[in-house]
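Novice: Okay, here's the prediction I keep looking at, along with the sequence it came from:
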There are 2 protein chains.
Amino acid sequence: MTDFYPSRVSSLPSIMERKDPVVYGSKADGPLNNKELDFYKQNGYIFFEKLFADDEVEMLRKELHQTMNNHKSVDKPYVVREQGSDEIRSIFEVHKNTEFFQKLSSHERLVNITQQLLGDDVYINQSRINFKPGFKGKEFYWHSDFETWHVEDGMPRMRAVSCSIILTDNYEYNGPLMLIPGSQNYYVQCPSGTPDSHFEQSLKKQEFGTPDQKSLKWLVDQSEGRIDRATGPAGSVLFFESNIMHGSSGNISPYPRSNVFFVFNSIQNKLKQPFSDLNPRPEFLANRENIKPIQPKPFDLTKKLVQF
Amino acid sequence: MTDFYPSRVSSLPSIMERKDPVVYGSKADGPLNNKELDFYKQNGYIFFEKLFADDEVEMLRKELHQTMNNHKSVDKPYVVREQGSDEIRSIFEVHKNTEFFQKLSSHERLVNITQQLLGDDVYINQSRINFKPGFKGKEFYWHSDFETWHVEDGMPRMRAVSCSIILTDNYEYNGPLMLIPGSQNYYVQCPSGTPDSHFEQSLKKQEFGTPDQKSLKWLVDQSEGRIDRATGPAGSVLFFESNIMHGSSGNISPYPRSNVFFVFNSIQNKLKQPFSDLNPRPEFLANRENIKPIQPKPFDLTKKLVQF
């Protein structure tokens, strides 16, 4: 299969233009108006304040903590704990393993938007819930999710949207997601192994699959220096394009952060073999099995679910 | 000598009230008006946008880089380099070692304010210039400078002001200084050694001289959740109280940060023996020799200095 987005194949980084649309659908295809679609197209993300109301957020938080509690003794790779502690930080595959999050992943409020952005039926490529306590939230360096999904998971094209439902207020000072607007239009080919470069550069840590500083600076220059932050109250939802360059600073504030995270992928963009020599990552990180398009459905989060 | 602010003496952290004024002078003693003095008293800091004009900032930047260049081959403890590289990050003692920064440290625009805040003649307890490149700025965890200066350097009372002249724009996203307003009114006694506590807590890293999470949360609660950031254009100056709790997130943005940093101490508050069993830190971190009050003087930064 043609590799439209090669990366980690050269020791020198380079930047190429995106070969896919950012917005696939139009106004007629869903709830977003032209202004909103244009914003997403230009910036590579869109942030809706309080897409979920306070009583819904309360229920979401409750279910998140309930799910964490239920997994206390579950020793599976999809339950990720803090190093040197039993505390759970993330649980993947919640759209398969829990009824509540399965329903949430089909929520028409989310799915209608992603279907419109991707101009297609969608499925969940990855899901997780995250709880990060305050004081010691770790930094995440700049990256394009698509670069990883393409090279390591075999996602062919840029036709996926990440959706983060924030369950705690995001402030400027508790490590909100930072995005370089417009960067979705460029694909930064990450260097492979050790770069052929001079002494000074080789002293700096150059990680596998990490964009180089020159390319990052170039991306920020394209956005005229803008680095946007996804700050806002609990219940807000960020939709962001698979290839947008993003990262976050650490969080030394006392404020914990929790969110629910879904990756919606176009049904025409299912995973192939990784575009590299790497073995495909496990199912809980990159869904391949029983892929079916989601039927968007209403879901009243505040109603107690029937237990069965 | 009586230790008014014991710390690191118990395995349990605790909080005590400040025993010294925050503002020692009054309106008559200097350039700050009552509103500004009240702000400092309440919040423990005050930030003046563009206290130095653009042409002055240009000269400051030039002198900073010149000084860094001049110290390229200087192998002294006061020249601090990046780990695993020759790059200089900080140079201490610039108020002694360079004419420009000596004059800057006596600049009436700075000294008149610190004299007013401290209600006394002042001297420089520490000085440094900092250059931190983008992409890899490190996080600094919450701390009170006074706690260190007291325990490790023997500063008796809370009667010192730090002054940071920022030479690059400080944004929300390039790791600006974060301050907990009001925290200057409380002294967090840091735990010594390993705390007497249960299993879970002992797993968490507890560093010597680091405030505990419960105390930090309590401080932020006192400020009703406020965590302020010193953001603003190059040329702005932050004055902050010796005991205010502050820290900063890492900086993964491409924007470097540089600043000039002076600690002004009241002439009545000269260093004694450390309030601990520790040996005093070296002179370049904590000045003890030839302490004389500064005579505030005008200084035209934009005029070329006479070389002698």
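Specialist: All right, it came through fine. Numbers count the residues shown, from 1 in each chain, chains lettered A, B, ... in the order given.
Novice: Give me the contacts around the biggest helix by length in chain A.
Specialist: Under DSSP state H, the helix in chain A containing the largest number of residues is helix A:54-70. Contact with helix A:54-70 is made by A:52, A:88, A:91, A:94, A:98, A:100-101, A:104, A:129, A:131, A:165, A:167, A:234-235, A:258, A:260, A:301-302, as judged by CB atoms under 8 Å, 6 or more residues apart in numbering or on different chains. C-beta: built from backbone N, CA, C; applies to glycine.
Novice: Run through the residues that contact A:P133.
Specialist: A:P133 neighbours (CB under 8 Å, 6+ apart): A:E87, A:P256.
Novice: how about a cut-off of 10 Å?
Specialist: Going by CB atoms under 10 Å, 6 or more residues apart in numbering or on different chains, A:P133 touches A:E82, A:E87, A:R89, A:N251, A:P254, A:Y255, A:P256, A:R257, A:S258, B:Q213.
Novice: just curious, which of those residues is nearest to A:F39?
Specialist: Closest approach between those and A:F39, by CB to CB: A:R257, at 24.5 Å.
Novice: Could you pull up the residues touching the nearest residue to the closest one once chain neighbours are set aside?
Specialist: In this structure, A:R257 finds its nearest non-sequential neighbour in A:K132, 4.7 Å apart by CB to CB, 6 or more residues apart in numbering or on different chains. A:K132 is in contact with A:82, A:89-90, A:138, A:168, A:174-175, A:251, A:255-259, counting by CB under 10 Å, 6+ apart.
Novice: what does A:P211 give?
Specialist: Applying CB under 10 Å, 6+ apart, we find A:P211 in contact with A:7, A:13, A:15, A:141-144, A:147, A:183, A:188-191, A:219, A:245, A:247.
Novice: any idea how far the residue nearest in space to the middle of chain A lies from chain B?
Specialist: With distances taken as CA atoms, centre = their mean, A:S162 lies nearest the centre of chain A, 4.2 Å away. Noted for A:S162: a distance of 19 Å to chain B, by CB to the nearest CB, to the nearest Å.
Novice: Does that residue touch A:A230 like I think?
Specialist: No. Between A:S162 and A:A230 there is no contact, the gap being 11.2 Å when judged by CB atoms under 10 Å.
Novice: Now do the shared contacts for the two.
Specialist: Common contact partners of A:S162 and A:A230 (CB under 10 Å, 6+ apart): A:Y45, A:L177, A:L238, A:F240, A:H246.
Novice: Chain B versus the spatially closest residue to the second one that is not a sequence neighbour, what's the distance?
Specialist: In space, A:L177 comes closest to A:A230 once its chain neighbours are excluded; the distance is 4.4 Å by CB to CB, 6+ apart. As defined by CB to the nearest CB, A:A230 lies at a distance of 12 Å from chain B.
Novice: Would you confirm that A:A230 contacts A:Y45?
Specialist: Yes. With contact defined as CB under 10 Å, A:A230 and A:Y45 form a contacting pair (7.6 Å).
Novice: for A:K72, helix, strand, or coil?
Specialist: Look at A:K72: counting by DSSP: H, G, I helix; E, B strand; the rest coil, its state is coil.
Novice: show me where the stretch 151-300 of chain A has helices.
Specialist: In the stretch 151-300 of chain A, the helices defined using DSSP state H, counting those that start in this stretch lie at A:199-203, A:213-222.
Novice: These: lowest mean pLDDT?
Specialist: Of all these, mean pLDDT reaches its minimum on helix A:199-203 (a mean of 39).
Novice: pLDDT score assigned to the residue nearest to the centre of chain A?
Specialist: Reading off the model, A:S162 has pLDDT 98.
Novice: Please give me every residue in contact with it.
Specialist: A:S162 neighbours (CB under 10 Å, 6+ apart): A:45, A:114, A:125-126, A:145-146, A:177, A:238-242, A:244, A:246, A:261-265.
Novice: The same query, at a cut-off of 8 Å, please.
Specialist: By CB under 8 Å, 6+ apart, A:S162 lies in contact with A:D145, A:L238, A:F239, A:F240, A:E241, A:S242, A:F261, A:F262, A:V263, A:F264.
Novice: what does A:N33 give?
Specialist: Contacts of A:N33 by CB under 8 Å, 6+ apart are A:K27.
Novice: Then the one 3 residues further on?
Specialist: Counting by CB under 8 Å, 6+ apart, A:E36 touches A:I46.
Novice: got it, and the one 5 residues further on?
Specialist: With contact set as CB under 8 Å, 6+ apart, A:K41 has these partners: A:V22, A:V23.
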